[in-house]
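In: quick one, structure for this:
(one chain, ligands or ions: 1)
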Amino acid sequence: MGVEALPRTIWWDVDEVTGRPGVCLIDQTRLPLVGDILSCATADAVCTVIKSLAVRGAPALGVAAALALAVWSENESEGVDVDSYLDSLDEVATRVATARPTAVNLSWGAKRACAFAHHRAEQGADLVAIKADLVELAKRMCEEDEACNRRIGANGAALLDEGSNVLTHCNAGSLATAFYGTALGVVYSAFEQGRVAHVWVDETRPVNQGGRLTAWELGMAGVPATLICDDMAASVMQAGAVDAVVVGADRICANGDTANKIGTYGVAVLAHEHRIPFYIAAPLSTIDPALASGDAIVIERRDPREVEGMSVSGTITPQGDQVRALDLLTEKGPCELALKGGQPLVITRKGGGYTLDGWFRRTPIGVQVYNPAFDVTPSRYISGIITEVGVFRPDERGVYSLAHVHGERV
Ligand code: MRU
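Out: Model prediction:
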């Protein structure tokens, strides 16, 4: 037990049998009950797992973008001249950067990897060297992300009093980064110092990143935590049971307005009402100095089915005759059972076991749904923005000055 027991989120790997490189990641759509590893051998495959939320969370998306370009470069790029390679790399980077619109880290990671390849070409590197260096850059970005999160953790821990009760929303944990986490990085670091006693975990509808991922991570790390539905945050604050709120971010504007998982804005307003400090924990790569304020942030709209129902993934431990029945059902491959108004419930045999994946409708067929994935918290509700270089504070009007702050790009 302990934070070091957590799995890594995403990494570069080379298949021992085929020798083919791939981007490996833990499939977060199926956690916590199924811990499957996915391997992507193409940039499009990485875009698909980004869209499906198999890999998610702003810093993890930044790393995923660089890894996507590296895997394209190794497995898909054709031709021998540097100029056409760079032209194609730029096209792939645009595709990767736009796989999801809100987290700026995605385009940051893609731009950084592209700029690096162009820079190496300007230095006279040949194609073989550029490709090898791009892979090394992507791998280095995984390591840098972890180091950055540990610094965010240390900077944030210093803000918390001994034995604090912290509330968090969504998952800004190790799973949302290459390793360690931003908001949960603060929690992990503060817990080691005795500054965090307990964490309130917002479930985070509709996709339940809090209930599925944050609760799981904190349990693995041995941090005492209590899961609540999103609509319970107000009452635990009213009861005096929250000393600080710490959440992550997907895009922070020059004035401090911050996009994060839908529901964050409501938590910030509640914290303000109850005079509870509300902190954002994020790397400099999440700051978008080009956006003056939150009005300009593009908010991703997602599939209505996330609201209409619920995905489930689990493992089946059959008893007695059930084994024969499941073997029969799955002998020709995954078995799909049709659910009325839903997606198929799929039983898959893998190794010696069986997994179950499906989606259950919990609403009437045809109901109208609105499903924005993020909201924007105005800067005046944010007590401080915790980064790897320190804590930014607002001026007396509640406005931040971040126009000249940005993450390293090459
Ligand atoms: O839709 P998701 O799961 O990618 O949303 C993630 C969040 O909103 C996180 O809070 C944010 O990316 C910060 S992760 C350190």
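In: excluding its backbone neighbours, what's nearest the spatially most central residue of the chain?
Out: Closest residue to the average C-alpha location of the chain: residue 57 at 1.5 Å, with CA atoms, centre = their mean. The shortest distance from residue 57 to any residue other than its chain neighbours is 2.3 Å, reached at residue 176 (CB to CB, 6 or more residues apart in numbering). (Each C-beta comes from the backbone N, C-alpha and C, glycine too.)
In: now swap in residue 271 and tell me
Out: Here the residue nearest residue 271, using CB to CB, 6+ apart, is residue 278, at 4.1 Å.
In: retrieve the pLDDT associated with that neighbour.
Out: Model confidence at residue 278, given as pLDDT, is 99.
In: what of the one 5 residues further on?
Out: pLDDT recorded at residue 283 is 98.
In: before we move on, what about the one 3 residues further on?
Out: Predicted confidence (pLDDT) for residue 286: 98.
In: where's it relative to the ligand, distance?
Out: Using CB to the nearest ligand atom, to the nearest Å, residue 286 is found at 7 Å from the ligand.
In: isn't that residue up against residue 104?
Out: Yes. Proximity of residue 286 to residue 104 meets the contact threshold set by CB atoms under 8 Å, at 6.2 Å.
In: residues near residue 266, how many?
Out: When neighbours are counted by other CB atoms under 10 Å, residue 266 registers 17.
In: host element of it?
Out: Element membership for residue 266, per DSSP states H and E: helix 264-273.
In: tell me if that helix is near the ligand.
Out: No. Taking CB under 6 Å from any ligand atom as the criterion, helix 264-273 and the ligand are apart, separated by no less than 7.3 Å.
In: in that helix, which residues are buried?
Out: For helix 264-273, a neighbour-count test (16 or more other CB atoms under 10 Å) marks 264-268, 270-272 as buried.
In: and the residue of the stretch 251-400 of the chain closest to the ligand?
Out: Closest contact between the stretch 251-400 of the chain and the ligand, by CB to the nearest ligand atom, is at residue 261 (3.3 Å).
In: pretty sure that residue sits against residue 377.
Out: No. Using CB under 8 Å, residue 261 makes no contact with residue 377, being 10.5 Å away.
In: pLDDT averaged over the strand or helix carrying residue 360 - what is it?
Out: Under the criterion of DSSP H and E, residue 360 resides in strand 353-361. Per-region confidence: strand 353-361 scores 93 on mean pLDDT.
In: ok, stretch 242-260 next?
Out: Averaged across stretch 242-260, pLDDT comes to 98.
In: equivalent analysis for stretch 85-103, please.
Out: The pLDDT scores in stretch 85-103 average 98.
In: quick one: mean pLDDT over the helix or strand hosting residue 150.
Out: Using DSSP H and E, residue 150 sits in helix 127-157. Averaged across helix 127-157, the pLDDT comes to 98.
In: that one close to the ligand?
Out: No. For helix 127-157, no contact with the ligand is found by CB under 6 Å from any ligand atom; the gap never falls below 8.3 Å.
In: next, the buried residues of that helix.
Out: For helix 127-157, burial by neighbour count (16+ other CB under 10 Å) applies to 127, 130-131, 133-135, 137-139, 141-142, 144-146, 148-157.
In: likewise stretch 69-85?
Out: For stretch 69-85, a neighbour-count test (16+ other CB under 10 Å) marks 69-74, 77, 82, 85 as buried.
In: now, the most widely separated pair of those residues?
Out: Greatest spatial distance in those: 71 and 82, 19.2 Å, computed using CB to CB.
In: ok so, going back, beta partners of the residue nearest to residue 271?
Out: Beta-bridge pairing for residue 278 (DSSP bridges): residue 245.
In: neighbours of it, how many?
Out: Using other CB under 10 Å: residue 278 sits among 22 other residues.
In: and what of residue 48?
Out: Neighbour count of residue 48, defined by other CB under 10 Å: 14.
In: phi, psi for it please.
Out: In terms of degrees, to the nearest 10, the main-chain angles of residue 48 are phi -60, psi -40.
In: which non-adjacent residue is nearest it?
Out: Nearest non-adjacent residue to residue 48, counting by CB to CB, 6+ apart: residue 40, 7.8 Å away.
In: distance of that neighbour relative to residue 266?
Out: Applying CB to CB, to the nearest Å, the value for residue 40 to residue 266 is 35 Å.
In: and which of the buried residues of helix 264-273 is nearest residue 346?
Out: Residue 346 lies nearest to residue 264 out of the buried residues of helix 264-273, by CB to CB, at 33.0 Å.
In: done for today, thanks.
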